[in-house]
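Chemist: Give me a 3D structure for the following:
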Amino acid sequence: MKEKNENELFREKLLTPVRRKTFLKYTAMSGAALVFGLESCHKDKGGGSSGTIDVGSGDPGILNFAYALEQLEAAFYIQVNASFYTNATDAEKAILKDIMYHEIAHRDFFKKALGSSAIPDLKVNFSSIDFTSRASVLGAAKAFEDTGVSAYNGAGQYIQNPDYLTVAGKIVSVEARHAAAIRDLLNPKSADFAGDDVVATATGLDFSRTPNSTTGGQSIVAIANTYLSTKISATQLP
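Modeler: Alright, predicted model coming up:
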């Protein structure tokens with residue numbers, strides 16, 4: 001029987017779905033653990049002190065870049081759900097909880113797929129976000145989701161393996177649904193769910209940004225680092 005090479009094993013792990021029962025059992029425990037970690041991260045002397053973590057090159061580098069963003073989003077929504085902002089409605093709580101589970105699934109998916117090639121767990125810094133304020137939380141959520149969509153769109157063109165590209169396409173479509181939902185919470189029944197700040201009017205297509213592009217302001221890496229104690233870089237990516 002022919003032995004599988006490293007790339008074939010990586011591809012197999014990437015395309016293996018996480019069982020829902022196992023996932024929900026795991027997230028019930030890991031969610032509480034991560035919330036505790038968020039509260040104590042500033043007491044941990046190892047948080048970001050070892051220097052910037054580079055995501056790498058090629059397809060694994062792009063997947064690690066996505067993994068970094070998913071770690072950030074998952075941590076954010078876990079903290080949101082740990083203590084909802086003042087006067088959050090049941091409908092808002094349901095939406096934010098669903099998004100949290102999606103982001104945790106994305107995060108764990110990349111970690112499993114990357115295996116020993118995965119970057120370490122990143123530590124976050126959400127000190128600029130007021131988690132008691134609806135405007136602050138939803139404003140941050142809007143920024144995270146819009147940034148995530150443009151990042152996937154920008155990095156997708158550099159993915160060589162078609163299977164990885166298929167997976168990235170499925171994930172970015174979910175991120176876009178999140179972005180539309182958050183925008184609707186901020187401006188109900190308006191056209192802002194696909195505003196011209198994220199969708200080009202002439203083409204009807206979402207904007208895209210590569211990891212280090214500064215078009216429209218800060219690069220995706222710089223934006224992510226605003227909320228990370230453990231800084232990342234993507235020097236080997238476009």
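Chemist: tell me the average confidence for stretch 188-199?
Modeler: The predicted model assigns stretch 188-199 a mean pLDDT of 80.
Chemist: what's that stretch in contact with?
Modeler: Here stretch 188-199 makes contact (CB atoms under 8 Å, 6 or more residues apart in numbering) with 146, 149-150, 179-180, 183-184, 186, 205-207. No exception for glycine: its C-beta is placed from N, CA and C like everyone else's.
Chemist: Which among these count as buried?
Modeler: 146, 149-150, 179-180, 183, 206-207 (16 or more other CB atoms under 10 Å).
Chemist: Could you check which helix or strand contains the residue nearest to the spatial centre of the chain?
Modeler: Using CA atoms, centre = their mean, the residue of the chain that lies closest to the mean C-alpha position is residue 70, 2.4 Å off. If you go by DSSP states H and E, residue 70 is part of helix 58-82.
Chemist: Can you work out which other helices and strands pack against that helix?
Modeler: helix 20-40, helix 90-114, helix 134-156, helix 162-186, helix 220-226 (3 or more CB pairs under 8 Å, 6 or more residues apart in numbering; DSSP states H and E).
Chemist: Any chance of those helices in TSV with distance to residue 192 as columns?
Modeler: Output for these, formatted as TSV (distance: least, CB to CB, whole Å):
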stretch	distance to residue 192
helix 20-40	30
helix 90-114	16
helix 134-156	10
helix 162-186	5
helix 220-226	20
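Chemist: For residue 65, which of those helices is the nearest?
Modeler: helix 134-156 (6.3 Å; CB to CB).
Chemist: Okay, buried residues for the closest one please.
Modeler: 134, 137-138, 140-156.
Chemist: where does residue 27 land on pLDDT?
Modeler: So residue 27 comes in at 40 (pLDDT).
Chemist: again, but for residue 160
Modeler: 93.
Chemist: same check, this time on residue 50
Modeler: 50.
Chemist: which residues does residue 118 contact?
Modeler: Residue 118 touches 64, 67, 110-111, counting by CB under 8 Å, 6+ apart.
Chemist: same thing but 10 Å
Modeler: 55-56, 60, 63-64, 67-68, 110-112 (CB atoms under 10 Å, 6 or more residues apart in numbering).
Chemist: Using a markdown table, lay out those residues together with distance to residue 200.
Modeler: Output for those, formatted as a markdown table (distance: CB to CB, whole Å):
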| residue | distance to residue 200 |
| --- | --- |
| 55 | 28 |
| 56 | 31 |
| 60 | 31 |
| 63 | 27 |
| 64 | 29 |
| 67 | 28 |
| 68 | 26 |
| 110 | 28 |
| 111 | 33 |
| 112 | 35 |
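Chemist: any low-confidence regions in the chain?
Modeler: 1-50 (pLDDT under 70).
Chemist: Report the buried members of the contacts of residue 118.
Modeler: Among these, the ones that count as buried by 16+ other CB under 10 Å are 55-56, 60, 63-64, 67-68, 110.
Chemist: Out of these, which is nearest to residue 211?
Modeler: Lowest distance from residue 211 to these (CB to CB) belongs to residue 55, with 8.0 Å.
Chemist: give me phi/psi at the closest one?
Modeler: The phi/psi pair for residue 55 (degrees, to the nearest 10) reads phi -80, psi -20.
Chemist: Kindly report the same for residue 56.
Modeler: phi 100, psi -170.
Chemist: How about it, nearest residue that isn't a chain neighbour?
Modeler: residue 64 (5.5 Å; CB to CB, 6 or more residues apart in numbering).
Chemist: One more: residue 186?
Modeler: Nearest one to residue 186, counting by CB to CB, 6+ apart, is residue 138 at 5.4 Å.
Chemist: if I pick the one you found, what's in contact with it?
Modeler: Residue 138 neighbours (CB under 10 Å, 6+ apart): 80, 85, 88, 92, 96, 182-183, 185-186.
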